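Undergrad: Give me a 3D structure for the following:
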Amino acid sequence: MPGYLLSASILALAAATPLTAFAADDPAPATTVQDLVVTATRAPGGIEADEIGGSLTLITPEQMEERQIRIVSDVLRDVPGVAVSRTGAVGNFTQVRVRGTESNHVLTLIDGIKASDPFFGEFDYATLLADEVSRVEVLRGQQSALYGSDAIGGVINYITPTGAQAPGIRVRAEGGSMNTVGGAVRLGGVQGGLDYVISAGYQSTDGYPVATVGTRDIGSILKSLAVKLAYPVGDHLRLRGVYRRTETDADVNGQDFGTTGFVLDSPGSSMKAVSTYGFAAADFSFLDDRWLTSLQVQGVDATRDNIDNFVRDGGDKGKRLKESLTTSYKLTSGGLTHTFTLAYDHERESYENTNPPGAFNADTTRRSVNNDGYVGEYDLAIGNVAGVRGAVRYDRNDFFQDATTYRIEGFYRINGMVRLRAAAGSGIKGPSQTELFGFNAGAFPFVGNPNLKPERSEGWEAGADLSLIEGRVRLGATWFDSTLHDEIFSIFGAPVALCTVAGRPAPFSCSTTGNEPTKSTQKGLELFGDAQLSDAFSLNAAYTYLDAKQNGVEEVRRPKNMASANLTWHAPGDRGSVTLTARYNGEMTDEEFKNFSTVTLKAFTLVNLAGSYNLTDHVELFARVENLLDERYFEVVNFRTPGRAAYGGVRLRF
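TA: Coordinates of the predicted model:
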């Protein structure tokens, strides 16, 4: 077992005796982790899941455990409207697209921390290992009125529970195909008022040959370490903090941009990424919790190094510091509850290309962008029958165009069986540093465009939820329709007039960026169903039809049809479970690198089988088979995917 994971395990086991002493006396949290959704509002304290007018999917800790999720992006394949694509093996670049938008149109939060790499302007899901007893909130549709830039397709919030919500010690160790070794340790509880969680995760694999015409195994090592704390100071103040560090060391292969366009074996080529996340908050409560205020500071420090032929030949680093002040007041009169919320965000991003001197004549100037966001939100609850929520946000940026976004949503419960809901809103995505400032100044440079405008999206959705057999069966359907304006695109071999770099002669050709004058459209249908078929069997299913086009041309890596189903059997006495998972990815297009033409990738279905058995109250054995039918498929053109693989291990709980 790796060094720091072993150290965390020893720490957890050393603390076992005092934990047992106080765990029984820990008060249960006022609200369980499943009751509230913290992502759907800026009001401190969150909102009940069935009072949201937009589209929401919750992945519970039980579902994560039953499906034996080790890489968080895998469980997102079970969410309506979400498409996942990975460039080959575990640890390689992984993108998530929501409702047909681009991958950088999805805001990713980790325990509330904005997690995207400031240099790239999006989050690489290859770096996110699943913690023990974690959960995921996926909020679809434009959410920029709450969160600003990036939240065009929606928000994905990966959340780990507090010590009070999941006390105790959990240690997991496993191994399997491709010489894969993994494990995790988690220690959580409450002592002397201090709510604490310490966790660590590790996974290494030799991988498999990814190159279309190659034999080199592409492996990776993923590590994570996290600390989460909370402490009440008197009756009206609570302090919170989060620290997280992730490390990724992954083999990569090069791309032939010549006549073949193939991915080629590239010995000695790899990518190393390290990200550190931090969060601190002071939460104030007055007037019997009717007035809540939260002062927060968060940040990310991300570095990435590229190694070619065993020598570092490129890299980058980015930092983000964000301060937020949110205050919310709740007023109840008769059967009406009014909640008024104001929020202010200040965000500063800095980034730098760290290529070695002379490498592609890279521009290594360190640059920064500041943004101020002002949010107003109003929520009206009419008993538990209906509700309306609206928000507006103004973003003032010191480099590109300011923007105003809005969101309005509501629901109406016709009776105990039928709930109607609808939402509409707008979203923005600011240009990345590469799009604004360029990348290199060699013979064929990538030249930035300081005149870029933010991408803008507007859309609406309408849906209905049906609850049957005393809530044992839940069904839902949503139609959504969105339009993207001013999409940022790259121009390869641009005219000389667009390639002039200040102080340098114009090259013969270059690449640059611009705002697309035409529109992109995304519309479709999302269906979901959850059923408790019996005391032993439960079923979870989802389906998406998507029509995403840019200037009338189908968008790449966004299948028209996606579906998933998870059937779980629970053994009597809760002694174990077996989950059968099937995920269908329909036919889709991708871009062929050799001539930038589009190709069609065939539809595929992946079947996984996972099972566990509790030997005792403290010892659990588990095993799983991924790609049970040994399906051969492509998620990204020319990047081979893994075949059948099996894993097994043990989990200890105290």
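
Undergrad: CA atoms for contacts and neighbours, from now on please.
TA: Noted.

Undergrad: Just give the closest residue to Ala423, not the sequence neighbours.
TA: Glu409 (4.0 Å; CA to CA, 6 or more residues apart in numbering).

Undergrad: quick one: that neighbour from Thr41, how far?
TA: Glu409 sits 11 Å away from Thr41, going by CA to CA, to the nearest Å.

Undergrad: pLDDT below threshold where in the chain?
TA: 1-35, 257-261, 358-361, 440-444, 494-509 (pLDDT under 70).

Undergrad: one more time with 50, if that's ok
TA: Residues of the chain meeting the criterion pLDDT under 50: 1-33, 502-503.

Undergrad: just checking, the residue nearest to Ala423 touches Ala391?
TA: No - the pair Glu409 and Ala391 does not pass the contact test of CA atoms under 8 Å, sitting 9.2 Å apart.

Undergrad: which residues of the stretch 51-200 of the chain fall in strands?
TA: 55-59, 82-86, 94-98, 106-110, 113-114, 135-140, 154-159, 168-176, 180-191, 194-209 (DSSP state E, counting those that start in this stretch).

Undergrad: Please name the strands paired to the shortest one in the sheet, noting orientation.
TA: Read it as strand 113-114. Next to strand 113-114 in the sheet, as set by DSSP bridges, lie strand 106-110 (antiparallel).

Undergrad: between the partner strand and strand 154-159, how many degrees?
TA: 10 degrees (axes from the mean of the first three to the mean of the last three CA atoms, to 10 degrees).

Undergrad: what's next to strand 106-110, contact-wise?
TA: 96-98, 114-116, 122-123, 150-159 (CA atoms under 8 Å, 6 or more residues apart in numbering).

Undergrad: So what sits opposite Ser55 in the bridge?
TA: Under the criterion used (DSSP bridges), Ser55 bridges to Arg140.

Undergrad: now do Arg86
TA: Thr94.

Undergrad: circling back to that earlier point, packing partners of whichever strand or helix holds the residue nearest to Ala423?
TA: Per DSSP states H and E, Glu409 falls inside strand 403-413. Counting contacts by 3 or more CA pairs under 8 Å, 6 or more residues apart in numbering; DSSP states H and E, strand 403-413 packs against helix 144-147, strand 386-397, strand 418-429.

Undergrad: I'd assumed Ser266 was in contact with Asn309.
TA: Yes - Asn309 is within contact range of Ser266, at 7.4 Å (criterion: CA under 8 Å).

Undergrad: Name the residues of the longest strand along the chain that are buried.
TA: The residue-count maximum for a strand in the chain (DSSP state E) belongs to strand 311-333. For strand 311-333, burial by neighbour count (16 or more other CA atoms under 10 Å) applies to 313-330.

Undergrad: export the helix or strand following it as CSV, just CAs?
TA: Per DSSP H and E, the first helix or strand lying C-terminal to strand 311-333 is strand 336-353. Only the C-alpha atoms of strand 336-353 are listed here, as CSV (Å, rounded to 0.1, in the frame of the first residue of the first chain):
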residue,chain,number,x,y,z
LEU,A,336,-46.3,31.5,2.7
THR,A,337,-42.5,31.4,3.3
HIS,A,338,-40.4,34.1,1.7
THR,A,339,-36.6,33.7,1.5
PHE,A,340,-34.5,36.7,0.4
THR,A,341,-30.8,36.1,-0.5
LEU,A,342,-28.0,38.4,-1.5
ALA,A,343,-24.5,37.2,-2.5
TYR,A,344,-21.2,38.8,-3.6
ASP,A,345,-18.3,36.9,-5.2
HIS,A,346,-14.9,38.2,-6.0
GLU,A,347,-12.7,35.8,-8.0
ARG,A,348,-9.1,36.2,-9.2
GLU,A,349,-7.6,33.7,-11.6
SER,A,350,-3.9,33.7,-12.6
TYR,A,351,-2.2,31.4,-15.0
GLU,A,352,1.1,30.8,-16.7
ASN,A,353,2.6,28.6,-19.4
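
Undergrad: partners of strand 336-353, with directions?
TA: Here, using DSSP bridges, strand 336-353 pairs with strand 311-333 (antiparallel), strand 367-382 (antiparallel).

Undergrad: Out of those, which is closest to Leu606?
TA: The minimum distance between Leu606 and these falls on strand 311-333, with 34.9 Å, by CA to CA.

Undergrad: Might you calculate how far the closest one sits from the centre of the chain?
TA: With CA atoms, centre = their mean, to the nearest Å as the basis, strand 311-333 stands 15 Å off its chain's centre.

Undergrad: Repeat that for stretch 51-71.
TA: Averaging C-alpha positions (CA atoms, centre = their mean) puts stretch 51-71 12 Å from its chain's average.

Undergrad: buried stuff in that stretch?
TA: Applying a neighbour-count criterion of 16+ other CA under 10 Å, one finds 51-61, 63-71 buried in stretch 51-71.

Undergrad: and the helix or strand harbouring Leu621 with strand 168-176, angle?
TA: Using DSSP H and E, Leu621 falls within strand 619-626. Interaxial angle of strand 619-626 relative to strand 168-176 (the same axes, to 10 degrees): 40 degrees.

Undergrad: and strand 619-626, which strands flank it?
TA: By DSSP bridges, strand 619-626 pairs with strand 604-614 (antiparallel), strand 645-653 (antiparallel).

Undergrad: Out of those, which gets nearest to Leu36?
TA: strand 645-653 (26.0 Å).

Undergrad: Could you tell me the end-to-end distance of stretch 75-92?
TA: One end of stretch 75-92 to the other measures 17 Å (CA to CA).

Undergrad: Now do it: distance to the chain's middle.
TA: In terms of CA atoms, centre = their mean, the centre of stretch 75-92 is found 10 Å from the chain centre.

Undergrad: Give the buried residues for it.
TA: For stretch 75-92, by 16+ other CA under 10 Å, it's 75-92.

Undergrad: same question, stretch 618-632
TA: 620-628.

Undergrad: if we can go back for a sec, give the partner strands of the strand holding Glu409 in its sheet and their orientations.
TA: Checking strand 403-413 against DSSP bridges gives partners strand 386-397 (antiparallel), strand 418-429 (antiparallel).
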